[in-house]
Structure formats: C-alpha cells, structure tokens
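Trainee: build me a model from this:
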Amino acid sequence: HYGLSPLYAPFPLFRIQGFAEEPGTFAFSLMPALFWTLYVNKSVVRSVILAIGILGSLSLGVGVLLIVLLPLIIKVMHKFLVSSVILFVLLILIVLFSFVPLLTGEPLFYWLADKLMYWFGSGIKFNFPYVNPQTILENSKEASLTDRLAAVTVVLNYLFHHPFGTGAGLGMTTVNYAIAIGFANAALEAGFMGGVFYIIMFLILACMVYVKIWKMAKFSTDEKMIIAIGLSVLTCIVMGLQRQQPDLSFWHMWIYASFLYLTMKAKSEENARETCERIHKL
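Mentor: Reported below is the predicted structural model:
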C-alpha cells in the first residue's frame, strides 16, 4: 500500500499499488486484464475483482483514461452491455473518489454520510473533521500537474539550445530532472525532430485503434480480441502522458504486436473472401 497525504482525510488513507512502483502504474497495468475479462472472457466476477483493485489505487489517471475511451465504450455498449456498465460504474466511482475530496475537503464516505443524514435524517449536519479543499487543490497541483508542466519546460529549454537531444538513455541524467511524461522524455533524448516523429507515430497508432474499433460490426471472437487489445493499446499510449515512455516494456510491445497481428489477419481474411467471391462470379 501507498500512504496518501493526510491532507486528504482525517484518518490514514492508503492506495493499493501491489508490486508496482506506485498506485497509478498498478491501476494502468490492470486495465488490459480488465478489458480482456470484460470483452473476451465476459467474466463478471473476475472483472469486478479487477475493478476493485483499480478503484483501490485511487488513480485519477485511470479516470482520465476511461473518459478518453468513453466514445468507444458507448459505441460497443449495445453488444457488450454488462461490460460497458461495469466500466461506467468504475469511471463514476474513480471520479467520485478523486474529485469529492478535492472539491469538498471531505473523504467520499464522510461526504455521502453527511449528505444522507442531512437529507433523510433530522436535518442536522455532521461536522466531520476535514481540511480546506483549497489546500488540497494547491498541494495536488504542486504534486502532479505543476510537476509535469515543469518537466515539459525543462525539456523545451534544453531542446532550444540542443535540438539534437541528449542521446538514448541520457535524458533525465543530463538535465538532472525527473521527467514524468514519457513522450517528453523521448523527445529530450531523440531531439526535436525525433521527438516529433515519435509522437506522430503513436498518434497514428491511436487513430488506427479508434477507427478499427469504431467500425466493428459483427463482433466475432477475433473482433472481441481486437477491441480488448485495442483498448489496451490506448491505455499504454495514455500512460505515456503521465508515466514513462509507452514502448519501454515487453508487455507494451506484446500488446502493440498483438493488435497489429490481429488487424493484418482480419485484412488478409477479408482480401481472401473478396478474391473467392470474384472467382465464384467468374
């Protein structure tokens, strides 16, 4: 477990992180497993267990990821109703766990108990001990958003004077700053031109995934796998916005390779069918 700052609650609050380096990485790493159990295995029990683990990480980044994936989730909802409902509930819970403390200064359960007792009870509002939400917001910004913006500034300043970058593996060591955005770190090492092409490469891959899933119609076994793995590809890419580079791990590369293989296989089978139809007509 990872101990959260006492600013967020009047009692010790812990985030699940498993064997990962921190809770956000743990949550992101579970998402491919969740997509697979939801859309391929259709195992509700296993999916709920994984969702509880993800929720226990209190990862705001996963909430952002689910918002990004929301159009695709809605698109396939009529074919995967249970799967989509679970993802919707997970999204709502993550947003509540993350934003209620930021906006009110109270932990989610305290806030709910407070409101329920006020609305349905005697009308007396409980005065739970809590902190100033403005303090939480300031500390939250300093710890995450501000740190990432500062990292981008460090990268841009270095590339302005050294447009060819630091060279592979020398980025953060050279600037003596922890770059929390994988794409920025890649640009720092590869230089301005290399960084631009690196980002474009992943933008193309993300567009391929979106278009491929959006055009799904039959939802065969292979298409279900393409949906699960495609959503996992987008997960890896979003990780690059607030973690390390999305191509530094074997499991990242395995997911990309699986998606490209299934896509090429589907295209090959489609071409084979069209060829057979032409031969039959002749």
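Trainee: all helices of the chain, in order?
Mentor: Using DSSP state H, the helices of the chain run over residues 23-36, 44-56, 60-75, 81-104, 108-120, 133-143, 145-161, 171-175, 182-214, 221-242, 250-281.
Trainee: quick one: which of these is nearest Gln17?
Mentor: Nearest to Gln17 among these is helix 23-36; the distance by Cβ to Cβ comes to 4.2 Å. Using the backbone N, CA and C atoms, a C-beta is placed for each residue, glycine as well.
Trainee: can you tell which of the helices of the chain is closest to Ile16?
Mentor: Of all these, helix 44-56 sits nearest to Ile16, with 3.8 Å by Cβ to Cβ.
Trainee: quick check: buried residues in that closest one?
Mentor: Buried residues in helix 44-56, counted by 16 or more other Cβ atoms under 10 Å: 47, 50-51, 53-56.
Trainee: kindly reformat the helices of the chain as a markdown table containing distance to Gln17.
Mentor: Formatted as a markdown table, the helices of the chain follow (distance: least, Cβ to Cβ, whole Å):
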| stretch | distance to Gln17 |
| --- | --- |
| helix 23-36 | 4 |
| helix 44-56 | 9 |
| helix 60-75 | 13 |
| helix 81-104 | 15 |
| helix 108-120 | 19 |
| helix 133-143 | 16 |
| helix 145-161 | 19 |
| helix 171-175 | 22 |
| helix 182-214 | 19 |
| helix 221-242 | 15 |
| helix 250-281 | 17 |
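Trainee: which one of the buried residues of helix 44-56 sits closest to Lys265?
Mentor: Nearest to Lys265 among the buried residues of helix 44-56, counting by Cβ to Cβ, is Ser47 at 26.2 Å.
Trainee: quick one, what contacts that closest one?
Mentor: 34, 37-38, 83, 86 (Cβ atoms under 8 Å, 6 or more residues apart in numbering).
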